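Student: I need the structure of the sequence given here:
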Amino acid sequence: MRSDNDSWEITESVGATALGVAAARAAETRSPTPLIRDPFAQVFLDAVGDGVWSWHSAPQLPPELVEAEPELPLQMQAMVDYMACRTAFFDQFFLDATGAGIRQAVILAAGLDARSWRLPWPDGTTVYELDQSRVLEFKASTLAEHGAQPGCDRVAVAVDLRHDWPAALRQAGFDPSAPSAWSAEGLMPYLPAAAQDLLFERVQGLTVAGSRVAVEALGRNFLDPGAREKRRARMDRVRALLAEVDPRREVPRTDELWYFEEREDVGDWFGRHGWRVTVTPSDELMAGYGRRPAREVEDRVPGNLFVAAERAAG
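Tutor: Prediction:
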């Protein structure tokens, strides 16, 4: 369960979810026709060893589990597809922003996002990565051990987003008088509603006209009690089966890390504060990339909204 000022190792709590996303990117990179390529995702997985985050194809699952939950391989593939589309969305967001001349990028809750190393950043671009110190240290040291170098001026800002991160960002060299591009990927469910509002207010206070922001926002079904109950029931069945067939692995209850609170629609918030907003539901995003989930598991793909906004003048 979450608590104020909690922290975590990379294999624990919120850190473990970053490994799960890295595993999805690694699986997509290995696929015959990858939508995205992240050669560093597998590096992170190799560094921490085997874990439940490694299971992203049916042959890796215990046969007893597949027999009891025959749709689980389809569900896992759908999540790989979702993460690939999500990654492609944010990749393109930054490429478009830098193509328009923006030379400051801020990645909020950077996790194991390796865009500082992966993307073809234009000369003179500075990328600020904000996250807890243990996460940033693991990422940088692991990639350095493999001889990887960032393709930009990467600045790690070790700070908890529940604290005064704007001050830390400014001290790291961020210039609020120049246009900037911001991403908040996979972050919203881990923030209480008040913290989400505060996050956006702080972004508002650090941006000027021409700045851009991209957010993976929560969809309307996030708070639906029926959907939440079905998700928990499926997870409990899988946890119980794994306890029998492979006691070494424990599937975390990810939703225990989330805040189920009413909150303002992200697109509405930015529109109300003078930004030009585009909202793409996840099913439309996936369809646009040719990655529709199998019909049997359509309701298990996050119904999130992908918000892109540009701050207007005045």
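
Student: low-scoring stretches of this structure, by residue?
Tutor: Low-confidence regions of the chain, defined by pLDDT under 70, span residues 1-15, 51-60, 248-252, 314.

Student: how many neighbours does Ala114 have?
Tutor: Here the number of neighbours of Ala114 (other C-beta atoms under 10 Å) works out to 23. To be clear about C-beta, it is placed using only N, CA and C from the backbone, and glycine gets the same treatment.

Student: shift numbering so it begins at 13
Tutor: Okay, residue one is now 13; in that scheme the one you just asked about reads as Ala126.

Student: hang on, it packs against Asp50?
Tutor: Yes: counting by C-beta atoms under 8 Å, Ala126 touches Asp50, with 6.2 Å between them.

Student: Nearest the geometric middle of this protein, what residue?
Tutor: Gly198 (3.1 Å; C-alpha atoms, centre = their mean).

Student: my read is it is in a helix, agree?
Tutor: No: with DSSP: H, G, I helix; E, B strand; the rest coil as the criterion, Gly198 is assigned coil and is not in a helix.

Student: Can you list the residue ranges for helices in the stretch 113-262 of the chain?
Tutor: Here the stretch 113-262 of the chain has its helices, by DSSP state H, counting those that start in this stretch, at 127-130, 145-157, 177-183, 205-217, 237-257.

Student: and the longest one, what does it pack onto?
Tutor: The one in question is helix 237-257. Other helices and strands packing on helix 237-257, by 3 or more C-beta pairs under 8 Å, 6 or more residues apart in numbering; DSSP states H and E, are helix 75-80.

Student: Please apply the same query to the first one.
Tutor: Helix 127-130 is packed against helix 84-111, strand 138-143, with contacts defined by 3+ C-beta pairs under 8 Å, 6+ apart.

Student: any idea which of these is most buried?
Tutor: Of the helices and strands packed on helix 127-130, the one with the most neighbours on average (mean count of other C-beta atoms under 10 Å) is strand 138-143, at a mean of 24.

Student: Dump the C-alpha coordinates for whichever strand or helix holds Gly279 into PDB.
Tutor: Taking DSSP states H and E as the criterion, Gly279 maps to helix 278-284. Taking C-alpha atoms only, helix 278-284 is exported to PDB below (Å, rounded to 0.1, in the frame of the first residue of the first chain):
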ATOM      1  CA  VAL A 278      -6.900  16.200 -18.000                       C
ATOM      2  CA  GLY A 279      -7.900  17.600 -21.400                       C
ATOM      3  CA  ASP A 280     -10.400  19.900 -19.700                       C
ATOM      4  CA  TRP A 281      -7.800  21.100 -17.200                       C
ATOM      5  CA  PHE A 282      -5.300  22.200 -19.900                       C
ATOM      6  CA  GLY A 283      -8.000  23.600 -22.200                       C
ATOM      7  CA  ARG A 284      -9.300  25.700 -19.300                       C
END
